[in-house]
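# got a sequence here, can you model it:
(one chain, ligands or ions: 1)
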Amino acid sequence: MSKMMIYADHAATTAMSSVAYEAMLPWLQNKYGNPSTLYSFAREPRKAVASARETIAACIGARPEEIYFTSGGTEADNWALIGTAFWEPDRCGHIITSSIEHHAILHTCDFLKRIGYDIDLLPVNQHGLILAETLEKHLRGETLLVSIMLANNEIGTIEPIKELAEIAHRHGSLFHTDAVQAVGHIPIDVKDLGIDMLSASAHKFNGPKGIGFLYVRDGVMIEPLLHGGAQEGGRRAGTENVAGIVGMATAFQEHIEHLEQETTYVQNLADLLLKGLRNTGLDFIVNGDDNRIPGSLSLSFRDADGEMLLHRLDLMGTAVATGSACDSKSTALSHVIRAIGVPDAYAHGTIRITLGMDNSIEQVSVLVEQISRILDNR
Ligand code: PLP
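Numbers count the residues shown, from 1 in each chain. Next comes the predicted model:
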């Protein structure tokens, strides 16, 4: 009998939805026209891109003209930050972000710092929350932009974005949110949140890899990152990834239609996992705020080695993460675990389990059994 493969790393990436996959095929094969060309063969792909833009806009309460397709979350984050900074080149301003952002934000800030921008990384509390008063204290007249993630990729904490955006605006600054871990998993309405920009990535919600979008509120000016053709209203050059765009819109729509069921299902799995682990008597901490992405668990086991745990689970056919996927080669403590101040005795024993619709109750019990077997036999 082949061993059961348990994929429990949905925050790293997800399987393509078969509906999205089917929706993509025509645009990869017989309907391959370039949407920017003038002949009638391009009409259908052009319409498909327009319709995907409408679908995506409707899923987040935006207008279609406010959605710009990108190559994924990393590009959307880079564009939001660099595009805002470069819009006023004479003004080497101040940018605020948090100490627990994804490296797509943190390393972009490192770059901006190298060329003269002033960057502030806000501390978080032990749940990974950015407090309103912390932001308030750091805002200045020359703050161009505040960029705070909607949900953290390691601990799942959902930030109080509406409140933070309101504070940023009161001080005359723009507000961007990296919503890569949140889009498709919790309800999002950009107008209600009152934000200026939002980044998303399709492969986190069962869409294809290498496609995402940046929401830019009507009237917000940012400098293009990619120069060339007149695609995306002249703001992001490059022939459109038609199949990717269609796949992303299809996957997003599917998630929105089943959001409640999905939330209940993965939350129940996460609860069962926690209950099962608690019954084993293992000593561990659950990181992050109670208000976090459904199905997302960052667990720190006392006197354990998270990386050893990951590899032992891997040998048993189970995929989990230690920190974020992009961090997985580094053995150092993740910046998020450090920022929330997990006690030393637990910090190195951290793993991230992110459950999805393709996980079952049976898999959850097997996972509990595997973890307890590994940690009991150290
Ligand atoms: N931002 C966050 C919070 C993420 O979790 C990720 C991916 O893990 C990214 C940005 C980068 O997105 P992409 O993989 O589409 O470049």
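
# where does the chain have low pLDDT?
Scanning the chain for pLDDT under 70 picks out 1-3, 323-331, 378.

# contact residues of it facing the ligand?
Counting by CB under 6 Å from any ligand atom, the chain comes close to the ligand at 72-74, 77, 102, 104, 149, 153, 178, 180-181, 201, 212, 324-325. Just so you know, the C-beta spots here come from the backbone N, C-alpha and C atoms, and that holds for glycine as well.

# let's see which of those end up in helices.
Counting by DSSP state H, these place 73-74, 77, 104 in helices.

# show the buried residues in those residues.
73-74, 77, 104 (16 or more other CB atoms under 10 Å).

# pick out whichever of these sits closest to Met357.
For those, the residue nearest Met357 by CB to CB is Gly73; the value is 20.8 Å.

# excluding chain neighbours, what is closest to that closest one?
Once flanking residues are discounted, Gly73 sits nearest to Ser201: 3.4 Å by CB to CB, 6 or more residues apart in numbering.

# could you check how far that neighbour is from Val320?
In this view, Ser201 and Val320 are 20 Å apart by CB to CB, to the nearest Å.

# just give me the neighbour total for Ile211.
27 (other CB atoms under 10 Å).

# residues contacting the residue nearest to Ser296 when sequence neighbours are not counted?
Spatially, and ignoring its direct neighbours in sequence, Ser296 is nearest to Gly156 (3.2 Å; CB to CB, 6+ apart). Shown in contact with Gly156 (CB atoms under 8 Å, 6 or more residues apart in numbering): 11, 181, 288, 292-293, 296-298, 354.

# ok, Arg338 next?
Arg338 touches Ala347, counting by CB under 8 Å, 6+ apart.

# recalculate using a threshold of 7 Å.
With contact set as CB atoms under 7 Å, 6 or more residues apart in numbering, Arg338 has no partners.

# quick one: it is in a strand?
No. Assigned with DSSP: H, G, I helix; E, B strand; the rest coil, Arg338 falls outside any strand and is helix.

# tell me how far it lies from the ligand.
To the ligand, Arg338 is 17 Å away according to CB to the nearest ligand atom, to the nearest Å.

# which residue ranges of the chain form strands?
For the chain, the strands defined by DSSP state E cover 6-7, 67-70, 94-98, 118-122, 143-147, 174-178, 197-201, 212-216, 284-287, 296-301, 318-319, 350-354.

# what lies in contact with the last one?
The one in question is strand 350-354. 8-11, 154, 273, 295-300, 306, 309-310, 320-323, 337, 342.

# repeat the analysis, applying 6 Å as the threshold.
The contact list for strand 350-354 (CB atoms under 6 Å, 6 or more residues apart in numbering) reads 8-11, 154, 296-300, 306, 309, 320-322, 337.

# could you check the angle whichever helix in the chain runs longest makes with strand 350-354?
Longest among the helix segments of the chain by residue count, using DSSP H, is helix 259-280. Interaxial angle of helix 259-280 relative to strand 350-354 (axes from the mean of the first three to the mean of the last three CA atoms, to 10 degrees): 140 degrees.

# what is the nearest of the residues of the chain next to the ligand to Asp120?
For the residues of the chain next to the ligand, the nearest to Asp120 is Met149 (15.3 Å; CB to CB).

# now do the same contact list for the residue nearest to Thr134 when sequence neighbours are not counted.
Nearest residue to Thr134, sequence neighbours excluded (CB to CB, 6+ apart): Leu122, at 5.3 Å. Each residue near Leu122 by CB under 6 Å, 6+ apart is listed here: 98, 130, 134.

# roughly how far does the second one sit from His335?
Taking CB to CB as the measure, Ile130 and His335 are separated by 15 Å.

# more neighbours: these two, which one.
Remark: of Ile130 and His335, Ile130 carries more neighbours, 25 against 20, as counted by other CB under 10 Å.

# for His138, the count of nearby residues, please.
By other CB under 10 Å, 15 other residues sit near His138.

# touching, it and Leu121? I think so.
No. Judged on CB atoms under 6 Å, His138 makes no contact with Leu121 at a distance of 9.4 Å.

# helices along the protein, start to end?
For the chain, the helices defined by DSSP H occupy 18-28, 43-59, 73-87, 103-114, 132-138, 161-170, 190-193, 231-234, 242-257, 259-280, 306-315, 335-339, 344-347, 361-376.

# relative to helix 43-59, how tilted is the longest one?
Just to be clear, that refers to helix 259-280. 60 degrees.
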